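task: produce atomic coordinates for the following.
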Amino acid sequence: MEDNSILFFYNPYKYLKAFNNVLHNVRLYYPTSNIDVYFDSFREDLQSYIEVAKNYKCNFNIRPNQVYYIHRDDPFEVNKSKTLEWIERLKISCENSTAKWVLLLEDDVLIKRAICNFPNSDCGTNRKDIGFTGGGSIFKREKFLESLFKCNLENTIESVHNASWAGDVLLKSIFLLNSCSYEKWVELAEPNYFDDIDHAIYHGYKDLHELD
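Numbers count the residues shown, from 1 in each chain. This next block holds a predicted model:
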């Protein structure tokens with residue numbers, strides 16, 4: 001039987017109800033898969049989030065360097081620091097996992113059923129025209145580590161402006177520098193984009209986006 005094990009990777013923002021809902025739906029269909037959740041140590045609401053993470057048997061990691069929210073209009077050096085930390089977290093998770101796939105969770109990602117169709121390529125992307133490996137997307141863990149090893153991250157961020165604040169742009173650059181294959185993932189829908197056909201993952205569910 002083919003190995004399609006999944007590592008779920010998550011850096012939550014400040015929507016506690018959404019955080020709980022994301023994890024609840026992952027656990028409905030993937031009760032034993034590893035979910036790696038990362039928190040910035042400065043959060044005033046840290047304990048509430050830790051309790052939810054424990055309730056859903058996540059591996060939670062508290063980091064001194066900040067990610068929290070990356071705003072495109074913030075200074076380049078601020079975003080560069082946050083983006084490098086985000087990639088470092090992803091690297092740590094991938095190095096400590098044996099899963100075949102990594103799925104990127106965000107506060108607006110909804111797992112609706114178990115995945116039936118995995119990509120026939122290294123990366124299952126969000127859209128054909130815009131976006132790449134953003135929220136809800138999936139990629140091969142070993143390919144990410146291999147690609148990261150070949151990439152000079154700081155040079156990439158400095159040469160691709162949007163990579164300083166858009167994680168999907170940076171991941172695209174990392175993967176394509178290693179000639180990784182990719183395809184629009186048929187299991188991933190977004191608002192008005194493949195959401196009228198059966199799918200396992202929905203990116204864009206914001207009903208519970210209420211600031212705590």
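
report the buried residues of stretch 139-153.
139-141, 143-144, 147-148, 151, 153 (16 or more other Cβ atoms under 10 Å). Backbone N, C-alpha and C define where each C-beta goes, glycine included.

give me the contact list for that stretch.
7, 84, 87, 90-91, 94-95, 97, 99-102, 122-124, 133, 171, 173-175, 177-178, 180 (Cβ atoms under 8 Å, 6 or more residues apart in numbering).

what segments of this structure are strands?
Assigned by DSSP state E, the chain shows strands spanning 6-10, 35-40, 59-63, 101-105, 109-111, 123-125, 138-140, 182-184, 188-189, 201-203.

what segments of this structure are helices?
According to DSSP state H, the chain carries its helices in the segments 16-29, 46-55, 76-95, 141-149, 153-159, 167-177.

ok, back up a step: need the buried residues of stretch 139-153 in TSV with distance to residue 114 and pLDDT, can you?
Output for the buried residues of stretch 139-153, formatted as TSV (distance: Cβ to Cβ, whole Å; pLDDT from 0 to 100):
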residue	distance to residue 114	pLDDT
139	19	97
140	19	97
141	19	98
143	23	97
144	23	96
147	28	95
148	29	92
151	33	89
153	34	88
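
among those, which pair sits farthest apart?
Largest separation among these by Cβ to Cβ: 140 and 153, giving 19.1 Å.

circling back to that earlier point, need the winner for burial among the helices of the chain.
helix 167-177 (a mean of 21; mean count of other Cβ atoms under 10 Å).

now that one: mean pLDDT?
For helix 167-177, the mean per-residue pLDDT is 90.

ditto for stretch 53-64
In the prediction, stretch 53-64 has an average pLDDT of 97.

and the end-to-end length of that stretch?
Terminal residues of stretch 53-64 are spaced 18 Å apart (Cα to Cα, to the nearest Å).

for it, which positions count as buried?
53, 56, 58, 60, 63.

show me what the residue positioned nearest the centre of the chain bridges to in the sheet.
Nearest to the geometric centre of the chain sits residue 104, at 2.3 Å (Cα atoms, centre = their mean). Beta-bridge partners recorded for residue 104 (DSSP bridges): residue 9.

that one and residue 132 touch, don't they?
No. At 10.8 Å, residue 104 does not count as touching residue 132 under the criterion of Cβ atoms under 8 Å.

okay, the least confident helix or strand in the chain by mean pLDDT in PDB with CA atoms only?
Of all helical and strand segments in the chain, the minimum by mean pLDDT, DSSP states H and E falls on helix 153-159, at a mean of 87. Extracted in PDB, the C-alpha atoms of helix 153-159 (Å, rounded to 0.1, in the frame of the first residue of the first chain):
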ATOM      1  CA  LEU A 153      17.200  31.900   1.300                       C
ATOM      2  CA  GLU A 154      18.400  35.400   1.900                       C
ATOM      3  CA  ASN A 155      19.400  35.900  -1.700                       C
ATOM      4  CA  THR A 156      16.100  34.500  -2.900                       C
ATOM      5  CA  ILE A 157      14.100  36.800  -0.500                       C
ATOM      6  CA  GLU A 158      16.100  39.800  -1.600                       C
ATOM      7  CA  SER A 159      15.800  39.100  -5.300                       C
END
